[in-house]
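Enquirer: model this:
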Amino acid sequence: MMFQSPYAVATALALAVNVDAFLAPSQPSTKMNSHLNMADFPTAASDILWTPSWKTGARDEANGPVGRYCEDLYKVSRRPTRTVTCGPIKFGSDHPIVRQTMATTDTANVDASIEQIMRCADKGFDLIRITVQGKREANAAANIREGLFKKGYTIPLCADMHFQPKVAQLVAEAVEKIRINPGNFADGRKDFEDKVYESEDDYVKEREYLVDAMIPLVQTCKDLNRCMRIGTNHGSLSSRVLSYYGDTPRGMVESAIEFADICRSQDYHNFVFSMKASNPLVMVQSYRLLASEMYRMDWDYPLHLGVTEAGEGEDGRMKSAVGIGTLLADGLGDTVRVSLTEDPEFEYEPCNRLSEMAEGRLAATNPVAAERQEAVRSYADTRDIFGYARRVGTPPEKKESEKVDVSLFLNPNGSVISTVDPKMLSADSAPYLYKELGFKTAVGMPFKDIATSDSVFMRTLPAQDNSAGRTGLRRMMEVGTGVIVPAEELEKNPLENAVALVSLTDAVESNGKLPEGAIRLAVEIDGSEDDETIAKLKDLDPLMVFIGINSGLSQLHAARRIFEIFKANDIDTPAIHHYKTTASESNELALELGTKVGSLLTDGNGDGILIEQVGETNFSVDYLRNTGFSLLQGCRMRNTKTEFVSCPSCGRTLFDLQETTAQITEATGHLPGVTVAVMGCIVNGPGEMADADFGYVGTLPGKVDLYYGKEVVRKSIPNEEAVDSLVDLIKSYGMWKEKEEEEAEEEVAMAA
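Expert: You can find the predicted model right below:
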């Protein structure tokens, strides 16, 4: 997409004559009190009007207690913001969500960078970020800007700055936006040394060097009408902030506010905030906390959303959708970047789709969405948005009279239930179904493994005389797999030890009566029930409850209401999100699940997932099972495979990130409970590895350092030896296990 605003056309014409027309300072904006000289603004930390302290309680006294984090808890409305200008585009609630990405080329390679940026612009991106490590890259950025204008591309550029305040000031003359990281812009120490601050005064004394580094850049951006992003990153908080606030959302927010205070002291307001983390739960909490602080301080700066180091493929899209989608669902966010370990062009589809989903939910512009949100019965939203506490359903217990162990039908860390069709249980197909469901087999008999479906859901059952189908179900139940079937099907076609699924309304009317052969009751709630009816769930004492929201209701708000009623009535029944999808493409399904179900799981509401295909879809049982487990792992509930924190690559990357990530995934992807961070450079490395067990970080061309936690344990390993060395390191800490051999083909034949 090529923007042709009057600004862009004028700039391009000027460049045809003289590139200095772009690089020269612009006339001061009357909106920025241009009649004042910079000498009229504070230049020392002691003269700046800092935001009152949160720790001492002064902020509460000055601004009242922290409160709401979004514009409306019961309908989707964008949080009102000011307009921030970035060349020909604008950020803010009065404008469409801005789609952006980051170039992965070496910025010093001007031609390659121009070509990649043009491809991204043609794809549809509104803004491109480039890496600027030093003066060489700053000069290259000017040439890239000039080259793009000459080719008719006016897409604005953002310089990504770390460690280099003076270079940031230089490159601000060449590009429309500067991203600064409060954690390392002026304080990039990565020693994680604990500092002892006896008082708030001791902490604020160190602000002077922040002011000295920041004010020249602010002055330049103000004079040239450049945009800025104050981009806090969970992985690169300064040692100063870490020591005082800890590795927490609060530390991220306070770090950003400190830098915003410096901007505001110069009457400079053309900036946005971001609060990125590789952990979606930390990311969501941080943005909500920042938004709530801005509400109480009457600030209205736009928000840039992103989950950093999300990874690749469906997992990367899922993790991004969980974090970004959760915030967009509440009207937070004015620009989006989906960080994938893939070429930047491939980030457009998920970035654009998440933005489309968000825009489609806005009540003010979408009558259908407004109708669904208004149709949800009234309730009081009492969620604690400043912390994470999962509502854990009470797991079922086996009764002496029961022939199967119902305690195994669900997993306390989160359950995956798979939909099964009777034809999959034929004599020929059953062994393959076992594999699709994640069972291991021995002499044809299934037994559960770490990522086996906990239960299965069947709308219809094999006929009574279908011995192969009935035998397959019996074998699964004998090893602790629940078989959940609608009660009306069981009445026609009984199955011993099945779990009968009944709508809540019918269950209340029948007082939970079970059909012949059923061992326990499961209840489905669609959100249309009144509070009194939902409260009766407690008396029914079902094994589990399915939450499958009526299509005429807002899924997010109707489900939140149900969990509020559960909380008010002390209902601790395990709750499974029953998600029906018409998606036919895997990336779309990942984005849907992350946004629509992940937005509930990030609040701790839900004990598992059932994905049911509706219409002409063709996902395999195996794929849907793995997708369910990916959702649970992305929401930090249940780990069934290695967790990878993988940066998306940029001009700083010191090795082929995509190829290396694939090699590491192949070598270590079978280690559930182990987290491996793969970082192309040191910028975010140690910090983002705070949650990782092991880290693989590029430090010099052709060389890698390996970390255990935050500690470097092996240095300067040649790239070609580094993956093997990582495996050896994992083994040395006793966290390795060998890959299991695939089941022999003859065993499948025996099972058949």
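Enquirer: only C-alpha atoms for contact and neighbour calcs from this point on.
Expert: Noted.
Enquirer: Run through the stretch 351-500 of the chain and note the low-pLDDT ranges.
Expert: Within the stretch 351-500 of the chain, no range satisfies pLDDT under 70.
Enquirer: again, but for the stretch 651-752 of the chain
Expert: Scanning the stretch 651-752 of the chain with the threshold set as pLDDT under 70 gives 651-657, 680-691, 741-752.
Enquirer: where do the strands sit along it?
Expert: 675-679, 694-700, 703-708, 711-718 (DSSP state E, counting those that start in this stretch).
Enquirer: Go through the ones you listed and name the closest to P156.
Expert: strand 675-679 (26.9 Å; CA to CA).
Enquirer: Direction included, what does that closest one pair against?
Expert: Using DSSP bridges, strand 675-679 pairs in its sheet with strand 643-646 (parallel), strand 694-700 (parallel).
Enquirer: Off-centre distance for the last one?
Expert: Put plainly, it is strand 694-700. Here the centre of strand 694-700 is set off from its chain's centre by 23 Å, with CA atoms, centre = their mean, to the nearest Å.
Enquirer: That strand to strand 703-708, inter-axis angle?
Expert: In terms of direction (axes from the mean of the first three to the mean of the last three CA atoms, to 10 degrees), strand 694-700 departs from strand 703-708 by 150 degrees.
Enquirer: got the CA positions of strand 694-700 in CSV?
Expert: Below are the C-alpha coordinates for strand 694-700, written out as CSV (Å, rounded to 0.1, in the frame of the first residue of the first chain):
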residue,chain,number,x,y,z
PHE,A,694,18.3,-22.1,28.8
GLY,A,695,19.3,-19.4,26.4
TYR,A,696,21.0,-19.3,23.0
VAL,A,697,22.2,-15.8,22.2
GLY,A,698,24.2,-14.4,19.3
THR,A,699,27.1,-12.2,20.7
LEU,A,700,29.6,-11.9,17.9
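Enquirer: would T85 count as being in a helix?
Expert: No: assigned with DSSP: H, G, I helix; E, B strand; the rest coil, T85 falls outside any helix and is strand.
Enquirer: ok, it - contacts?
Expert: F91, R226, C227, N270 (CA atoms under 8 Å, 6 or more residues apart in numbering).
Enquirer: what's the closest of the residues you listed to V322?
Expert: Nearest to V322 out of the contacts of T85 is F91 (CA to CA; 22.6 Å).
Enquirer: what pLDDT does the closest one get?
Expert: Looking at F91, its pLDDT reads 96.
Enquirer: Please report how far the residue of the chain most remote from its centre lies from L495.
Expert: Distance from the C-alpha centroid of the chain, by CA atoms, centre = their mean, peaks at D465 (48.3 Å). Relative to L495, D465 is positioned 12 Å away (CA to CA, to the nearest Å).
Enquirer: what's the overlap in contacts for these two?
Expert: Contacts common to D465 and L495, judged by CA under 8 Å, 6+ apart, are absent.
Enquirer: Three-state assignment for the residue most central in space within the chain, please.
Expert: Nearest to the geometric centre of the chain sits G323, at 2.8 Å (CA atoms, centre = their mean). The three-state assignment at G323 reads helix, by three-state DSSP.
Enquirer: Enumerate every residue touching it.
Expert: Residues in contact with G323 (CA under 8 Å, 6+ apart) are P280, L281, M283, V284, G306, V307, G594, T595, G598, S599.
Enquirer: okay, now the fourth one: neighbour count?
Expert: When neighbours are counted by other CA atoms under 10 Å, V284 registers 29.
Enquirer: and if you look at the second one?
Expert: By other CA under 10 Å, the residues close to L281 number 24.
Enquirer: returning to what we had before: same list (the strands of the stretch 651-752 of the chain) but as a markdown table, adding distance to I97 and mean neighbour count.
Expert: As requested, the strands of the stretch 651-752 of the chain are arranged in a markdown table below (distance: least, CA to CA, whole Å; neighbours: other CA atoms under 10 Å):
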| stretch | distance to I97 | mean neighbour count |
| --- | --- | --- |
| strand 675-679 | 29 | 27 |
| strand 694-700 | 33 | 26 |
| strand 703-708 | 38 | 23 |
| strand 711-718 | 39 | 15 |
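Enquirer: for those strands, which one sits closest to V204?
Expert: Here strand 711-718 is closest among the strands of the stretch 651-752 of the chain (CA to CA), at 28.6 Å.
Enquirer: Given the closest one, what are its sheet partners and their directions?
Expert: Sheet pairing for strand 711-718, assigned by DSSP bridges, gives strand 703-708 (antiparallel).
Enquirer: who touches the strand it pairs with?
Expert: Outside strand 703-708, the residues that touch it by CA under 8 Å, 6+ apart are 654, 693-699, 712-719, 722, 726.
Enquirer: again, 7 Å this time
Expert: For strand 703-708, the surrounding residues in contact (CA atoms under 7 Å, 6 or more residues apart in numbering) are 693-699, 712-719, 722, 726.
Enquirer: Return the alpha-carbon coordinates of stretch 393-403 using CSV.
Expert: In CSV, the C-alpha atoms belonging to stretch 393-403 read as follows (Å, rounded to 0.1, in the frame of the first residue of the first chain):
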residue,chain,number,x,y,z
GLY,A,393,-12.3,-26.2,39.1
THR,A,394,-12.4,-29.0,41.7
PRO,A,395,-11.3,-32.1,39.9
PRO,A,396,-13.7,-35.1,40.0
GLU,A,397,-13.1,-38.0,42.4
LYS,A,398,-13.7,-41.6,41.7
LYS,A,399,-16.5,-43.3,43.6
GLU,A,400,-16.1,-46.9,44.9
SER,A,401,-19.1,-48.0,42.8
GLU,A,402,-17.7,-46.7,39.5
LYS,A,403,-15.9,-49.1,37.1
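Enquirer: Now that stretch: buried residues?
Expert: G393, P395, P396 (16 or more other CA atoms under 10 Å).
Enquirer: got the residues you listed as TSV, with distance to V621 columns?
Expert: Formatted as TSV, the buried residues of stretch 393-403 follow (distance: CA to CA, whole Å):
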residue	distance to V621
G393	26
P395	25
P396	25
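Enquirer: Sort out for me which of those are in helices.
Expert: Counting by DSSP state H, these place none of their members in helices.
Enquirer: Of those, which is the nearest to G316?
Expert: Distance to G316, by CA to CA, is smallest for G393 among the buried residues of stretch 393-403, at 28.2 Å.
Enquirer: Please give me every residue in contact with that closest one.
Expert: Neighbours of G393 in contact, by CA under 7 Å, 6+ apart: D572, T573, P574, A575, D607.
Enquirer: For those, pick the one with the most neighbours.
Expert: In those, the most neighbours by other CA under 10 Å go to D607, 29 neighbours.
Enquirer: Next, give phi and psi for it.
Expert: With angles defined as degrees, to the nearest 10, D607 sits at phi -120, psi 10.
Enquirer: A498 versus that one, what's the distance?
Expert: For D607 relative to A498 (CA to CA), the value is 20 Å.
Enquirer: With K151 instead?
Expert: K151 is 67 Å from A498, where distance means CA to CA.
Enquirer: Between the two, tell me which one has more neighbours.
Expert: More crowded of K151 and A498, by other CA under 10 Å: A498, with 25 against 11.
Enquirer: Now the more buried one: closest residue in space, sequence neighbours ignored.
Expert: With CA to CA, 6 or more residues apart in numbering as the criterion, A498 has its nearest non-adjacent residue at 4.7 Å, and that residue is A518.
Enquirer: Surely that neighbour is in contact with A500?
Expert: Yes: in this structure, A518 is within contact of A500 by CA atoms under 7 Å, at 5.9 Å.
Enquirer: Tell me, what's the model's pLDDT at E347?
Expert: Reported pLDDT for E347: 93.
Enquirer: circling back: phi, psi for the residue farthest from the centre of the chain please.
Expert: phi -90, psi 10.
Enquirer: could you measure it against E359, distance?
Expert: 52 Å.
Enquirer: how deep is L49 tucked in, by neighbour count?
Expert: Neighbours around L49, by other CA under 10 Å: 12.
Enquirer: and if you look at the one 3 residues further on?
Expert: By the criterion of other CA under 10 Å, P52 has 14 neighbours.
Enquirer: Might one say that it is in contact with N63?
Expert: No: between P52 and N63 there is no contact under CA under 7 Å: 8.8 Å.
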